[in-house]
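Asker: pasting the structure only:
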């Protein structure tokens with residue numbers, strides 16, 4: 001048996017959650033539902049503008065959200081990223097320890113630890129304003145090589161496509177994992193990054209990925225096709241396609257096998273990390289050798305739970321239910 005069920009490399013961030021209105025988003029030229037990359041000074045101005053609306057803080061970053069869920073479900077996980085020796089860097093290290101996640105954290109003095117403002121409107125939609133900070137300095141020298149070789153799954157997401165160092169780091173990690181027989185799980189992450197890095201992502205799907213997560217919009221950006229046709233293309237290239245369809249559930253395709261995943265009814269409070277928890281649930285099912293329909297049901301159950309409250313946290317009830 002390998003030492004880890006899932007190893008991940010991603011931006012190490014702390015989410016800072018705020019109440020917001022549609023008027024707030026318009027006033028600051030923010031596209032609702034999307035992720036916006038900003039420099040530290042711009043984020044500090046926004047933090048000042050939303051002072052008094054803070055609803056809490058939690059570990060953030062797409063893949064780190066998924067690792068937190070998997071760890072709570074009892075899986076052995078490792079998260080690799082870059083932080084600074086500052087308040088938020090200390091918070092990340094402490095929280096990973098509390099969750100029994102092996103934190104393979106590299107330290108830099110050149111940038112502050114990254115943070116993400118999560119602006120939640122009354123309809124539950126989340127809009128993100130992200131300062132990547134220290135995460136932008138990640139490169140090949142920081143890869144958890146031994147851990148990747150000793151893992152069943154390597155999970156990463158498109159948010160790593162920011163600097164050349166980050167991109168090269170992920171591509172090198174993919175090669176290490178692939179050579180070791182580790183299963184490659186790729187979450188496209190956000191329409192913003194798909195738009196800017198489509199060619200790179202198409203190459204990863206074609207040549208490397210074993211599992212691909214995308215939502216309807218991201219899927220359409222790849223080949224200009226609807227979700228079911230995109231799933232067929234991904235499956236024809238050898239990967240399991242997992243297309244999230246929001247309130248309509250999801251579509252999973254592996255080879256000629258297609259599974260439609262029904263949504264789990266819930267009152268939407270905050271859509272933050274819905275896709276991350278969906279990915280965690282699917283990977284949990286896969287690592288337990290469950291059939292695709294069960295993997296999809298577990299994924300939908302976790303996603304519905306996380307959107308029923310503020311922040312990227314799962315209830316103990318849903319953890320007990322899934323286990």
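Answerer: Sure, I can see it. Source: prediction; values computed, not measured.
Asker: correct me, but residue 261 touches residue 298?
Answerer: No - with contacts counted by Cβ atoms under 8 Å, residue 261 stays clear of residue 298, the gap being 9.7 Å. In short, each C-beta sits where N, CA and C put it, glycine included.
Asker: which residues are in contact with both of those two?
Answerer: Residues touching both residue 261 and residue 298 (Cβ atoms under 8 Å, 6 or more residues apart in numbering): none.
Asker: give me the contacts around stretch 46-55.
Answerer: Residues from elsewhere that reach stretch 46-55, judged by Cβ under 8 Å, 6+ apart: 16-20, 24, 28, 38, 117, 119-120, 129, 310-311.
Asker: quick one, phi/psi of the residue positioned nearest the centre of the chain?
Answerer: In the chain, the residue lying closest to the centroid (Cα atoms, centre = their mean) is residue 62, at 2.4 Å. Here is the backbone geometry of residue 62 (degrees, to the nearest 10): phi -50, psi -60.
Asker: which non-adjacent residue is nearest it?
Answerer: The shortest distance from residue 62 to any non-neighbouring residue, by Cβ to Cβ, 6 or more residues apart in numbering, is to residue 157 (4.5 Å).
Asker: how much space separates the one you found from residue 22?
Answerer: According to Cβ to Cβ, to the nearest Å, residue 157 and residue 22 sit 27 Å apart.
Asker: those two: which has the busier surroundings?
Answerer: The residue with more neighbours, out of residue 157 and residue 22, is residue 157; 28 against 14, by other Cβ atoms under 10 Å.
Asker: so that one touches residue 185, yeah?
Answerer: No - taking contacts as Cβ under 8 Å, residue 157 lies outside contact range of residue 185: 9.2 Å.
Asker: need the contact list for residue 120.
Answerer: Neighbouring residues of residue 120 by Cβ under 8 Å, 6+ apart: 17-20, 55, 126, 269-270, 272, 310.
Asker: highest neighbour count among the residues you listed?
Answerer: Greatest neighbour count in the contacts of residue 120, by other Cβ under 10 Å, goes to residue 272: 29 neighbours.
Asker: and the spatially closest residue to it that is not a sequence neighbour, what is it in contact with?
Answerer: Ranked by Cβ to Cβ, 6+ apart and with sequence neighbours excluded, the top spatial neighbour of residue 272 is residue 126, at 4.4 Å. Going by Cβ under 8 Å, 6+ apart, residue 126 touches 33, 118-120, 270-272.
Asker: give me the pLDDT value at residue 126.
Answerer: At residue 126, the model reports a pLDDT of 89.
Asker: what about it, distance to residue 212?
Answerer: Using Cβ to Cβ, one gets 23 Å for the distance from residue 126 to residue 212.
Asker: what of residue 290?
Answerer: Distance of residue 290 to residue 212, given as Cβ to Cβ: 19 Å.
Asker: try residue 101
Answerer: 24 Å.
Asker: neighbour count for the two, which is higher?
Answerer: Using other Cβ under 10 Å as the criterion, residue 101 and residue 212 rank with residue 212 on top: 26 against 22.
Asker: so where does that one fall, helix or strand?
Answerer: strand 211-215 (DSSP states H and E).
Asker: go on, residue 65?
Answerer: Following DSSP H and E, one finds residue 65 within helix 62-72.
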